[in-house]
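Colleague: Have a look at this prediction, sequence included:
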Amino acid sequence: MANQFERWHPLTQFIYFLTVIVIMTVKLNPLITLVTFFGLALLGFLIARGDFLKMSARFFLPASLIAIVINPLFSHEGATILAYFPDGNPFTLESVLYGIASGLMICGMCFLFYSFNTVMTSDRIMYLTGRLFRTLSLIISMTLRFIPEFKRQLDKVKKAHRCLGLKQSRLKDGIDIMNSMIMWSFEKSIDRSDSMRARGYGIRRRTSFHIFTFTVRDIYYIALMLIVSGWYLTMLFTENIYVTFYPLFYYGGNLILSIISYVLYSVLVLLPSIDIILEEIKWKSLQ
Amino acid sequence: MEIITVDNFSFRYPDSKNDSLNNINIGIDEGDFVLICGKSGCGKTTLVKNLKPVMIPNGTSSGRILYRGKDINTLSPEGAAINIGYVMQDTDTQIVTDKVWHELAFGLENMGLGNKLIKRRVAEISNYFGITEWFDKKTSELSGGQRQILTLASIMVMKPEVLILDEPTSQLCEVAASELVSILKRINEELSTTIIMIEHRLENVFSVADKVLYMEAGKVTAYGATKDVAAIMAKSDYIDAMPASARIYKGTGLHGGNIPLNIRDGRRYVKKYFVSGLEKKNFDEKDFCTDTSFLGKILKDKKEKKEDCIISLSEVSFRYEKTGADIISNLSMNVRKGLITTVVGGNGSGKTTLLSVMAGLLKPYRGKIRTEGKIAMLPQNPETLFSRDRVYDELSMVFSKENDKNLIHRLVCDMAEKFDIEHCLDMHPYDMSGGEKQRTALAKLLLTSPELLLLDEPTKGFDYYHKKKLGSILRNLVYEGMTILIVSHDTEFTAKYSDVCMMYFNGGIVCRGTPFDVFKGNSFYTTAADRIAGDYFGNALTVEDVIEECLKITT
């Protein structure tokens, strides 16, 4: 089922993921990671609902929990000592804070890749690469065509082989199956290249066709995302936003400018979610 | 104006002693629908490959092929790619990309067209072929018929003047095949595209073709209007491969001037010359299913001893996904030893699944399967059984190395002789013809000495001659004590070669009996000969039966 975010132009989607990942990773900032974490959790839920929750509960949250627990066990930096481990190493407040922040970042990253995977389907990635490398996008497309075909054939060969019921080692069985697949692949690729040449492949410089339309909305979104990320990075490098964990956790810089930056970033992270929700409200009101 | 002129053309493959094409002279007019037929190996494919510049095989040729009066080799690469479309036999390998829309655009991308123009052309062609509903799908998710339409559309999108097709229906089921033929007819009539098509399933195509080119051993035997050439073909030994009505026409002594090529005309022919006075027989329920032969009586005897059956299924159910529908539901069947049993049923009804369950490849979630002895299964695609690069090794790999080399050699050679593949022993398995591949696969399976042989659609895509060979091989195997179970929707083959026939529908066996019992009660799902004259002659199922009955009347 398509949602509003999946209807964005691939370039807009790509810029969204790119800006979020750059801002999130350029400097570990607890507020940014918190916003990203919740924003992407909402997005993931809106895109995939149950599947997202299942994946989060099974993999993403446990992974970040481990990161949160592990950091204070191995990192003993920081000035505020809360206790001592049996081996005499200090257990510090700063390492706990750092662990939580990085754990949330890891989780946010998982959410991001989850959404990326769901939204950026093969044809979208191909479209993006196709702008730059025309042949590459064709190769990706052909590979994606070949994989399910290969799997199906492998299944058939395995079954045929099992039916033959030869009394030989599993290694030998495997070699036979592989041989059969190699022969088949070669044969198919020869036929396929015939079919390509029959349709004029290699005569002229190829163009690459796509079915995506770039709308005015995409221009607005891209402009917004670039401005917000530009703003944030400027604030960061001019030290108007300033965070350190070690030796002491310190949050500094210009308060007003920082608040503006965080609000702007929240808008950026929530942009697709807002779009999806607004669309749903509008759709319902139209019914 | 002639669009293609083949002028004194001969062609020879590099290491061959004979010409594969010998002095071919034909002219194809613009807008013609030309059907090319002939036995396999007569040079049909070689000829059409020579009509498409990038497909021309290695070899030496003499004579000329002209395209609109100019030598075909002087066409610009773009001109050749755009104007001459070529559809190969195997639909699967022709699809290059992963998405339907991308596949449609592939040729136009190659021509370097811009996005807007491609979009328009793709939209146009999708509408014409009714692709819009699956336009966004992945190509791997399409059905066989859809795939064939996609290949055709992705060539038609380039607006070719000539469309060449090499046995386009061989991988398709009956329904999809006739749909394809009607699309081709539409293309020919509405777009006046010249169509050149090789085909051996003649039942459908004779009625749409304007001209027929009949080839024998690399030479043109006849070329001209369909009816005329069909009459010439009927006099040659190719008659066996022709539609049932034509065979009845020939067998009954060629009455009247016009050769009947479809069932309707065949029926008219039989009615006019043989049964004009006879009443149509109405079979009531008591009458049908009355095979009085020994076997027919045995099969009606409900009690079956376990010893007589090689495999028995009782209330077996199977489905692929937990929430999916049952593919096989509460199916019970017994397969008797020493007979050829055929399970017939429509396409996609799950017959292949049934075979896999019987072979133990899929586990049913309910029911019991009792088997005796080793089971071997011939898959639809024999290539899945090949894993060596020489046919001899392919066959000898079945034996473990400890066996005596001379013994293995003898066994392999005997088997090769039996299956008529001796001449292929040194070849690469993929270089053999389709029929040879299938026979090699069969030979390989038999070397494992199974007691039950399962065959999955063994006649799919094959012409009459190979079917006949296969049929006699199977009969011989049964004679030697093998039990054979076939799943098929080839009614003619079933009627001719099997002992027991079961009709499979909606996950279960609907009826069982001799082919006579099963088909005689049907009016749609039966042999062509039965549809032509079955209701006049109570006991005619095959073409031979009908001919015999007709001749009885005249004498």
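Modeller: Structure received. Numbers count the residues shown, from 1 in each chain, chains lettered A, B, ... in the order given.
Colleague: Which residue comes closest to B:Asn334 once chain neighbours are left out?
Modeller: Spatial nearest neighbour of B:Asn334, excluding adjacent residues (C-beta to C-beta, 6 or more residues apart in numbering or on different chains): B:Cys309 at 4.3 Å. Where C-beta positions appear, they are placed from N, C-alpha and C, glycine not excepted.
Colleague: closest point of the stretch 51-200 of chain A to chain B, which residue?
Modeller: Closest residue of the stretch 51-200 of chain A to chain B, C-beta to the nearest C-beta: A:Gly200 (3.0 Å).
Colleague: Surely that residue touches B:Ala81?
Modeller: Yes. The pair A:Gly200 / B:Ala81 is scored as a contact, 3.0 Å apart, by C-beta atoms under 8 Å.
Colleague: re earlier: next one: phi and psi at the residue nearest to B:Asn334?
Modeller: phi -110, psi 140 (degrees, to the nearest 10).
Colleague: Check the burial of it by counting its neighbours.
Modeller: Neighbour count of B:Cys309, defined by other C-beta atoms under 10 Å in any protein chain shown: 18.
Colleague: List the beta-bridge partners for it.
Modeller: Assessed by DSSP bridges, B:Cys309 has beta-bridge partners B:Arg336.
Colleague: count of residues packed around residue 193?
Modeller: Picking chain A for this. Residues lying near A:Ser193 (other C-beta under 10 Å) number 14.
Colleague: not quite, I wanted chain B
Modeller: The number of residues packed near B:Thr193 is 21, by other C-beta under 10 Å.
Colleague: What values do phi and psi take at it?
Modeller: The phi/psi pair for B:Thr193 (degrees, to the nearest 10) reads phi -70, psi 140.
Colleague: again with B:Glu2
Modeller: Dihedral angles of B:Glu2 (phi, psi; degrees, to the nearest 10) stand at phi -70, psi 130.
Colleague: Assign the residue of the stretch 51-200 of chain A closest to chain B to one of the three secondary structure states.
Modeller: Here A:Gly200 takes the coil state, with states given by DSSP: H, G, I helix; E, B strand; the rest coil.
Colleague: What is the burial count for it?
Modeller: 24.
Colleague: Can you name the residues that contact it?
Modeller: B:Pro77, B:Glu78, B:Ala81, B:Ile82, B:Gly107, B:Asn110, B:Met111, B:Met158 (C-beta atoms under 8 Å, 6 or more residues apart in numbering or on different chains).
Colleague: Same check on B:Gln146?
Modeller: B:Gln146 touches B:Trp134, counting by C-beta under 8 Å, 6+ apart.
Colleague: again, but for A:Ile227
Modeller: A:Ile227 touches nothing, counting by C-beta under 8 Å, 6+ apart.
Colleague: Please, which helix or strand holds it?
Modeller: Here A:Ile227, judged by DSSP states H and E, is contained in helix A:216-237.
Colleague: So for that helix, mean pLDDT?
Modeller: Mean pLDDT, helix A:216-237: 94.
Colleague: For the residue of the stretch 451-555 of chain B found nearest chain A, pull up the helix or strand it's in.
Modeller: Across the stretch 451-555 of chain B, the shortest distance to chain A (C-beta to the nearest C-beta) belongs to B:Leu454, at 8.2 Å. Assigned by DSSP H and E, B:Leu454 belongs to strand B:452-456.
Colleague: List the strands paired with that strand, with their directions.
Modeller: By DSSP bridges, strand B:452-456 pairs with strand B:375-378 (parallel), strand B:483-488 (parallel).
Colleague: Now tell me which helix or strand of chain B has the poorest mean pLDDT.
Modeller: Of all helical and strand segments in chain B, the minimum by mean pLDDT, DSSP states H and E falls on helix B:294-300, at a mean of 67.
Colleague: about what we covered before: how close does the closest residue to the residue of the stretch 451-555 of chain B closest to chain A other than its chain neighbours sit to B:Ser523?
Modeller: Spatial nearest neighbour of B:Leu454, chain neighbours left out: B:Met377 (4.1 Å); criterion: C-beta to C-beta, 6+ apart. Look at B:Met377 and B:Ser523: by C-beta to C-beta, to the nearest Å, they are 33 Å apart.
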